[in-house]
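Participant: predicted model, plus sequence, below.
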Amino acid sequence: MNKPILRLENVSKAYPGFALRDVSFELLPGYIMGLIGPNGAGKSTTIKLIMNLFPLDAGKITVFGLDHWEDEIRIKQQIGYVGEDQQFYGEMTVGWTVDFVSRFYANWDWDYCRELLHRFGLQRGIKVNHLSKGMEVKLALTLALSHRPRLLLLDEPTSGLDPVVRKELLEELLEVVQDEARSILISSHITDDLEKIADYITLINEGSIVLSQTKDYLMDTWKRIIIKDRQMVDRLKPWLTFLEPGSGGRVGYTSNFLELKRVFAPELEAGQIVRENIDLTDLMSAVVKGRVNNVDAGL
Amino acid sequence: MLTLVYKDLYQLRRTMLAYAGSGLGLAIFFSTYFEVGALGFFIFAVYGLTLRSAYYEDKYNALVFLRTLPIKAESIVIAKYATTGIILVSAWFFTLAVTTFFRLTGAPLPPDLLSFYVGATVAITVIVSIFLVMFFRWGYNLAVTYIRFVFFGFFLIPFFVMRLQKSLWLQNLVVGFKEIASLTIFPYLLALATVGVFLLSMLFSLRVYTTRGVN
Amino acid sequence: MFITISENNPVPLYRQIVEQVTRQIILGELRAGDPLPSIRQLAKELTTSVITTKRAYQELERAGYIYTRPGKGSFVAPLSPEKIESFKREVVREHLQQAVKAANKVGLEKRVIRELLEEVMEGDTE
């Protein structure tokens, strides 16, 4: 089962004022990938390109081994998509919307659908117009999950949701990947959610992929380094991809802690250098705020 | 594709009922005078319903939503045309039925009126066909601007002209029409041409919508 | 099997899992042949990545605490009493090493360290 469920190869798309360049990454079955990046980095565009909502300028997208343009309908039968904004017909009821959407899918699981509607507290008789943002997202999610898709594409699904609902949602997603054949790609600029459950992280910034790695590896190799001994500052400079402003070069981030750990073992031991774990938000800031000393942040 | 057509018609149910009701009401109120007015009603009903159908898509950006489902872009276009076709045909039959009904008391429809009907049908079909192409190519706003311009601009002109020239212009038009219309194959040609324009515009829309992408 | 992990803990998540499972096996809370949750189930229970639980299980298997049967899952490995004994020693040795390290850091003499050890042990039996 090692064929990727989703594969982007050198995908490019240009807009006036913004361009997605040479985007490539893969997602294997059974895993959750978090697509992170600052606002406007290109996360949404990437996902919309996978959904073929607009054509590529260059590159190739393969889903379930099929070409995303040629076999679009076959692919969409097995994709559950939740966009940033929900574009349901406002005057229609929840029930009508569910019925409408179900007709397009061959694999609709009504029992599961009803269960989700119940669990999310969605009543069939309510007009979509009268739903709160959170409820709309829940409806979108119900529709996305009810046909048991092999791939879930979620574009900022948690913005606008309160923490309780977000937690429920994450649990539901983890349930999805209990089946090793199914995968999830979530884009978010709220990294807290992804921090826990993501298996892989792909970071995109200004239209390009900066890195695509297992989250664990990233957390192992990216550390915050605090230089207690001023004399060490110069020695450590080439190791740090980003220096915290105002720290005088004494606090920075390294992307290569595994090596650094070896080379500076005695100093770490002695406490001349201290290392701290960072979270995805820190990682994103460090990468986005730029490079220092030409140290490559890419891995 | 049929699901989409059902959806369109379902969304239009209230509007259709409103038009049918007002059509009937106007007919009752104006009785035999309704004949000429019926034309205006027919055109206005088709205009209104087509516009409203497109409006619903635009209001919620629903076309984007449809594109995220396993629906071909082609199906979306064809469904819209099918709905418009149904609107045209049902409005046509409805108007004809109401007019005929009220004429049961009197003489059969005069040929002038009939040719006006034909003319109106052709005109509105062409107008709506162009509207749909514009809708699929440039979106709702531009398409609406166009159709409103055509509608009020175009149809207003003859009224003013008529006012100024009395019925001379109208008579000339009628004479001209009669001459062409007297050819036996004319009605078939006209029908063909109308359907042709409709289908051609559908091909245009298909081409334009499937390559453009949604935003 | 009851495990909790915390991101606030400086120890990497997968290590936390390894440590807790190991502890439970050594203490006899988990016995030879007991089934473990699948890596995915565990990931779900702990709200963490499957890769983390996978790594933890790989470590546990390497160290000989568990074994995996493809298609069946992972189970606690049978450990001889000697093995358990040596694992216990290993765990305690590590803790003691930390303690000695800390003592050396603040410059306590060996004699003092031994005194402290006696004190603590006495205190425990009360």
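Facilitator: Right, received. Where do you want to start?

Participant: so how far is residue C:32 from the residue nearest to the spatial centre of chain C?
Facilitator: Centroid-nearest residue in chain C: residue C:19, 2.5 Å away (criterion: C-alpha atoms, centre = their mean). Residue C:19 sits 19 Å away from residue C:32, going by C-beta to C-beta, to the nearest Å. Glycine gets a C-beta too; all of them are placed from N, C-alpha and C.

Participant: likewise residue B:82?
Facilitator: Here residue B:82 is placed at a distance of 69 Å from residue C:32 (C-beta to C-beta).

Participant: compare these two (neighbour count), which wins?
Facilitator: Counted by other C-beta atoms under 10 Å in any protein chain shown, residue B:82 and residue C:32 do not tie: residue B:82 has more neighbours, with 18 against 12.

Participant: so what's that one closest to, chain neighbours aside?
Facilitator: In space, residue B:82 comes closest to residue B:5 once its chain neighbours are excluded; the distance is 5.0 Å by C-beta to C-beta, 6 or more residues apart in numbering or on different chains.

Participant: verify the contact between that neighbour and residue B:85 for me.
Facilitator: No. Applying C-beta atoms under 8 Å as the test, residue B:5 and residue B:85 come out as separate, 9.5 Å apart.

Participant: in which helix or strand would I find the residue nearest to the centre of chain C?
Facilitator: helix C:13-26 (DSSP states H and E).

Participant: that helix: which residues count as buried?
Facilitator: C:13-22, C:24-26 (16 or more other C-beta atoms under 10 Å in any protein chain shown).

Participant: poorly predicted segments of the chain, please.
Facilitator: This is for chain A. A:1, A:290-299 (pLDDT under 70).

Participant: sorry, should have said chain B
Facilitator: Applying pLDDT under 70 to chain B picks out residues B:31-36, B:102-115, B:154-171, B:174, B:177-178, B:180-183, B:212-215.

Participant: which strand or helix spans the residue nearest to residue B:82?
Facilitator: Per DSSP H and E, residue B:5 falls inside helix B:2-30.

Participant: close to chain A: what parts of chain C are there?
Facilitator: Remark: the part of chain C in contact with chain A comprises C:7, C:10, C:12-14, C:40-41, C:43-44, C:47-52, C:55, using C-beta under 8 Å from any C-beta of the partner chain.

Participant: neighbour-wise, give me the winner out of those.
Facilitator: residue C:49 (29 neighbours).

Participant: tell me the phi and psi of that one?
Facilitator: phi -80, psi 150 (degrees, to the nearest 10).

Participant: for the residue lying closest to it once chain neighbours are set aside, grab the count of nearby residues.
Facilitator: The shortest distance from residue C:49 to any non-neighbouring residue, by C-beta to C-beta, 6+ apart, is to residue A:199 (4.6 Å). Neighbours of residue A:199 under the rule other C-beta under 10 Å: 24.

Participant: surely residue A:199 meets residue C:53?
Facilitator: No. Assessed by C-beta under 8 Å, residue A:199 is found out of contact with residue C:53, at 10.2 Å.

Participant: ranges for the strands of the chain?
Facilitator: Using chain A here. Counting by DSSP state E, chain A has strands at residues A:6-15, A:18-27, A:32-36, A:58-63, A:66-67, A:79-82, A:151-155, A:183-188, A:200-205, A:208-214, A:223-227, A:240-243, A:251-254, A:273-277.

Participant: could you do chain C instead?
Facilitator: Here chain C has its strands, by DSSP E, at C:35-36, C:66-69, C:73-76.

Participant: want to throw the ones you listed into TSV with mean neighbour count, mean pLDDT and distance to residue A:234?
Facilitator: Formatted as TSV, these follow (neighbours: other C-beta atoms under 10 Å in any protein chain shown; pLDDT from 0 to 100; distance: least, C-beta to C-beta, whole Å):
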stretch	mean neighbour count	mean pLDDT	distance to residue A:234
strand C:35-36	17	92	49
strand C:66-69	16	91	47
strand C:73-76	18	91	49
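
Participant: same for the helix holding residue C:19, what does it pack against?
Facilitator: When contacts are defined as 3 or more C-beta pairs under 8 Å, 6 or more residues apart in numbering or on different chains; DSSP states H and E, helix C:13-26 sits against helix C:50-62, helix C:81-106.

Participant: mean pLDDT for these: which is lowest?
Facilitator: When the helices and strands packed on helix C:13-26 are compared on mean pLDDT, helix C:81-106 scores lowest, with a mean of 84.

Participant: ok, and for that helix, which residues are buried?
Facilitator: C:87, C:103.

Participant: again, but for stretch B:61-81
Facilitator: Under 16+ other C-beta under 10 Å, the buried positions of stretch B:61-81 are B:61-71, B:73, B:75-81.

Participant: cool, and stretch B:203-213?
Facilitator: So for stretch B:203-213, counting by 16+ other C-beta under 10 Å, buried means B:204, B:205, B:206, B:208, B:209, B:213.

Participant: then stretch A:60-74?
Facilitator: Within stretch A:60-74, the residues that count as buried by 16+ other C-beta under 10 Å are A:61, A:62, A:63, A:64, A:68, A:72.

Participant: out of those, who's nearest chain C?
Facilitator: Closest to chain C out of those is residue A:64 (20.2 Å), distances taken as C-beta to the nearest C-beta.

Participant: before we move on, the earlier item: chain B: which of the strands of chain C is closest?
Facilitator: The minimum distance between chain B and the strands of chain C falls on strand C:73-76, with 36.1 Å, by C-beta to the nearest C-beta.

Participant: kind regards, and thank you for your time.
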